[in-house]
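>>> predicted structure and sequence below. I'll ask about it afterward.
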Amino acid sequence: MKAYAVILCGGSGSRMGKKENKTLLKIGGVPSAVRCARAFAPAVAGTVLVARAGDEKLFRDALAAYGVPALAVVPGGEDRQSSALAGLRALPADADIALIHDGARPFVTEEIVRRVMESVEKYGSGVAAVPARDTVKRADPDGRVLETLDRSELWQMQTPQGFPVRDLLRAHETAPGRYTDDAALMEAAGYPVRLVMGGYDNIKLTSPEDLRMANGMLTPRVGTGWDAHRLMEGRELWLGGVKIPYEKGLLGHSDADAALHALTDALLGAAALGDIGKLFPDSDKKYKGISSLILLEEAARAITGRGFSIGNVDVTILAQAPKLAPYIPQMREKIAGALRIGADQVSVKATTSEGMGFEGRGEGISAQATAVLFR
Ligand code: MG
């Protein structure tokens, strides 16, 4: 059976105290909506993202910046229910199962997605939820307790919520009222709803505290890198992925971009994946003259493939000449593109050593870098 994800990103940031849509807020350097789409990607046949009308391009750009695929970004309606329906209507004709997910639940995992899918295949529905941990009471508007509910029967609802597309569409199209989630709508329409274990960390970002908690749930890892190459006549000068007009260039097996080499080592170091020489050996002819941006991209893929996201990177280039300041904005763009992160997460600085050392004498250029990853 073919399952598709429908990720709802139509909410506003009002309760979050932000103007920006809350699903575009970055958790550990990656927007919540992108984290969601990335978690679904390996498990589903495709993803439709539902944005607030007018915000579609923002989401398309965010997905593209992080290299996460989506079939379509479609405009939603004025509430959750009409947005879910808009997403369902945008699914391809071969869709058997729809998994509706809140774009503000950035910690959904592939494992939860697969549990929900298996339940839909087996029982006709699967809704992520967790058993209530706190005692729940019913009270009147004055706070007088009316009843203590039996906690052993209580579950807190999460997403994804999975159903056969046909049933869910029919329930939506004939819904007599408004419901807070798809499970409630399906219950009201008389369909059985089956709970599957979600995760206590599959939290929903609603208030500013949630955002702080979400960022605090990630474990940071730091890496450093250093590199230097000799300056020679008859070579092109490449630094930070940018070709810089100069009478000399750096000597090396690849394009000898010391800044990108230091950065690649910082990223690999933070993930404890060895160093650039281990991943791309000098002895391998395929790396001769290669653009170091390609090496950086490959290192980034190795890192994100192991579940890390990049928080920020900082590179310092030490060169007596040429003047590098005019090229720094372009370097930041190139690096951000290769790492699939925002340019605001990339810092590049250049300095001289006031004539001291090999850099000061113009014999070579060195660079150092720091990278922060999150998992
Ligand atoms: Mg090097």
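Nice, thanks for sending it over.
>>> drop to CA atoms for contacts and neighbour counts, all remaining ones
OK.
>>> just for this structure, where's the confidence low?
The chain contains residues with pLDDT under 70 at 12-14.
>>> one more pass at 80, please.
For the chain, the stretches with pLDDT under 80 are 11-19, 305-307.
>>> what about the helices in the protein?
Using DSSP state H, the helices found in the chain span residues 32-40, 56-65, 80-89, 110-123, 165-173, 182-188, 208-216, 258-270, 276-279, 292-305, 328-339, 357-360.
>>> how far does the last one sit from the chain's center?
If you compare the mean C-alpha spot of helix 357-360 with that of the full chain, they lie 40 Å apart, counting by C-alpha atoms, centre = their mean, to the nearest Å.
>>> most tightly surrounded among the helices of the chain?
helix 258-270 (a mean of 28; mean count of other C-alpha atoms under 10 Å).
>>> tell me what it is packed against?
For helix 258-270, the packing partners by 3 or more C-alpha pairs under 8 Å, 6 or more residues apart in numbering; DSSP states H and E come out as strand 220-233, strand 237-239, helix 276-279, helix 292-305, strand 309-318, strand 364-374.
>>> one step back: compare the helices of the chain and report which one is nearest to residue 227.
Minimum separation from residue 227 across those (C-alpha to C-alpha) falls at helix 258-270, 5.1 Å.
>>> mind listing residues that contact that closest one?
221-229, 239-241, 274-276, 292-293, 295-296, 299-300, 303, 313-317, 365-373 (C-alpha atoms under 8 Å, 6 or more residues apart in numbering).
>>> that one vs helix 292-305, what angle?
Comparing the axes of helix 258-270 and helix 292-305 via axes from the mean of the first three to the mean of the last three C-alpha atoms, to 10 degrees yields an angle of 10 degrees.
>>> what about helix 258-270, distance to the chain center?
21 Å.
>>> what's the answer for stretch 38-53, then?
For stretch 38-53, the distance to the chain centre is 12 Å (C-alpha atoms, centre = their mean).
>>> tell me the buried residues in it?
38-41, 43-52 (16 or more other C-alpha atoms under 10 Å).
>>> residue contacts, the residue lying closest to residue 346 once chain neighbours are set aside?
Once flanking residues are discounted, residue 346 sits nearest to residue 313: 5.2 Å by C-alpha to C-alpha, 6 or more residues apart in numbering. Counting by C-alpha under 8 Å, 6+ apart, residue 313 touches 263, 345-347, 369-372.
>>> then residue 158?
For residue 158, the contact set (C-alpha under 8 Å, 6+ apart) comprises 127-130, 198, 202.
>>> hang on, the earlier thing: just the buried residues of the contacts of helix 258-270.
Of the contacts of helix 258-270, these count as buried by 16+ other C-alpha under 10 Å: 221-229, 239-241, 275-276, 292-293, 295-296, 299-300, 303, 313-317, 365-373.
>>> what are the contacting residues of stretch 55-64?
By C-alpha under 8 Å, 6+ apart, the residues outside stretch 55-64 that reach it are 24, 31, 34, 51, 69-70, 73-75.
>>> quick check, nearest of those residues to residue 122?
Out of the contacts of stretch 55-64, the member with the shortest distance to residue 122 (by C-alpha to C-alpha) is residue 70, at 26.6 Å.
>>> count of residues packed around that closest one?
Other residues near residue 70 number 19, with proximity taken as other C-alpha atoms under 10 Å.
>>> excluding its backbone neighbours, what's nearest it?
Spatial nearest neighbour of residue 70, chain neighbours left out: residue 47 (5.0 Å); criterion: C-alpha to C-alpha, 6+ apart.
>>> from memory that neighbour sits against residue 87, does it?
No. Counting by C-alpha atoms under 8 Å, residue 47 does not reach residue 87; the two are 9.6 Å apart.
>>> skipping adjacent residues, who's closest to residue 300 in space?
Closest to residue 300 by C-alpha to C-alpha, 6+ apart is residue 339, at 5.8 Å.
>>> separation between the one you found and residue 29?
12 Å (C-alpha to C-alpha, to the nearest Å).
>>> go on, residue 263?
For residue 263, the distance to residue 29 - C-alpha to C-alpha - is 17 Å.
>>> still on that earlier bit, closest one to residue 16 among the helices and strands packed on helix 258-270?
strand 309-318 (21.5 Å).
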